[in-house]
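Return a 3D structure for these sequence lines:
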Amino acid sequence: MIGRCSWCGTDPLYVAYHDTEWGVPEWDSRALWEKLVLDGFQAGLSWITILRKRDAFREEFEGFDPERVARWDEDRIAKALTNPGIIRHRGKIAGTVKGARLFLEIEGNEGFAPWLWSFVGGQPIQNDFAGMGQVPTDTAESAAMSKALKKRGFTFCGPVITYAFMQATGMVNDHITTCPRHAEVSRLSSGG
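Sure, this is the predicted structure:
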């Protein structure tokens with residue numbers, strides 16, 4: 001794809017992620033929670049590492065079913081820590097369990113997806129960056145989302161992580177303007 005965003009390089013898995021998933025608006029609460037969890041696991045690592053382990057994460061975390069993960073106890077966390085297919089970080093795994101419980105609370109009260117989307121006014125922000133050097137690592141919106149998530153009790157959700165989450169889930173369209181996906185994602189952004 002001529003003009004593709006350069007961050008995905010040439011790794012076929014990364015290119016496929018860029019070309020089919022990244023930046024597509026996600027309105028499903030469970031899918032948003034999964035992506036938020038995975039972005040939290042990425043802290044200190046590269047996204048390609050998480051992509052390569054995503055299937056193992058999905059299997060270990062029971063399809064990222066928040067109701068099931070919310071019931072995990074210390075024994076279940078200990079079991080997850082033995083899985084070499086995922087990132088074995090006690091704090092991140094325990095944070096996922098706590099996050100599942102928080103997800104259920106928010107989903108039951110105001111809806112997890114509507115709550116997250118409220119940080120961008122309920123519609124994707126359409127950016128028009130000509131080059132990767134113009135794309136920010138965080139914004140006022142990601143800082144506000146981070147602060148609100150932390151206030152609720154979520155972990156591993158700083159403003160850089162939440163901005164990466166916003167980019168990946170289509171809350172912002174940060175495909176550069178030369179990338180064919182910029183226009184494609186922009187057209188997808190009118191739904192919701």
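
helices and strands around the longest helix belonging to the chain, which ones?
With DSSP state H applied, the helix covering the greatest number of residues in the chain is identified as helix 90-109. Judged by 3 or more Cβ pairs under 8 Å, 6 or more residues apart in numbering; DSSP states H and E, the packing partners of helix 90-109 are helix 29-42, helix 66-69, helix 74-80, helix 112-117. Where C-beta positions appear, they are placed from N, C-alpha and C, glycine not excepted.

And the contacts of it?
Defining contact as Cβ atoms under 8 Å, 6 or more residues apart in numbering, one finds that helix 90-109 is touched by 29, 33, 36-37, 40-41, 43, 61, 66-67, 69-70, 72, 77, 80-81, 112, 115, 152-156.

Point out where the chain drops to low pLDDT.
Low-confidence regions of the chain, defined by pLDDT under 70, span residues 190-192.

Now list the buried members of the contacts of helix 90-109.
Buried members of the contacts of helix 90-109, counted by 16 or more other Cβ atoms under 10 Å: 29, 33, 36-37, 40-41, 43, 61, 66, 69-70, 72, 80, 112, 115, 154-156.

how much space between the residue of the chain positioned farthest from its centre and L81?
Farthest-out residue of the chain from its mean C-alpha position, per Cα atoms, centre = their mean: D75, at 26.8 Å. For D75, the distance to L81 under the criterion Cβ to Cβ, to the nearest Å works out to 11 Å.

same thing with N109?
Note on N109: its distance to L81, by Cβ to Cβ, is 32 Å.

before we move on, what about A56?
Noted for A56: a distance of 13 Å to L81, by Cβ to Cβ.

Could you do T137 as well?
From T137 to L81 the distance is 30 Å (Cβ to Cβ).

before we move on, what about L51?
L51 sits 21 Å away from L81, taking Cβ to Cβ as the criterion.

about what we covered before: want to throw the helices and strands packed on helix 90-109 into JSON lines with distance to Q167?
Supplementary listing: the helices and strands packed on helix 90-109 in JSON lines, determined by distance: least, Cβ to Cβ, whole Å:
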{"stretch": "helix 29-42", "distance to Q167": "10"}
{"stretch": "helix 66-69", "distance to Q167": "23"}
{"stretch": "helix 74-80", "distance to Q167": "27"}
{"stretch": "helix 112-117", "distance to Q167": "13"}
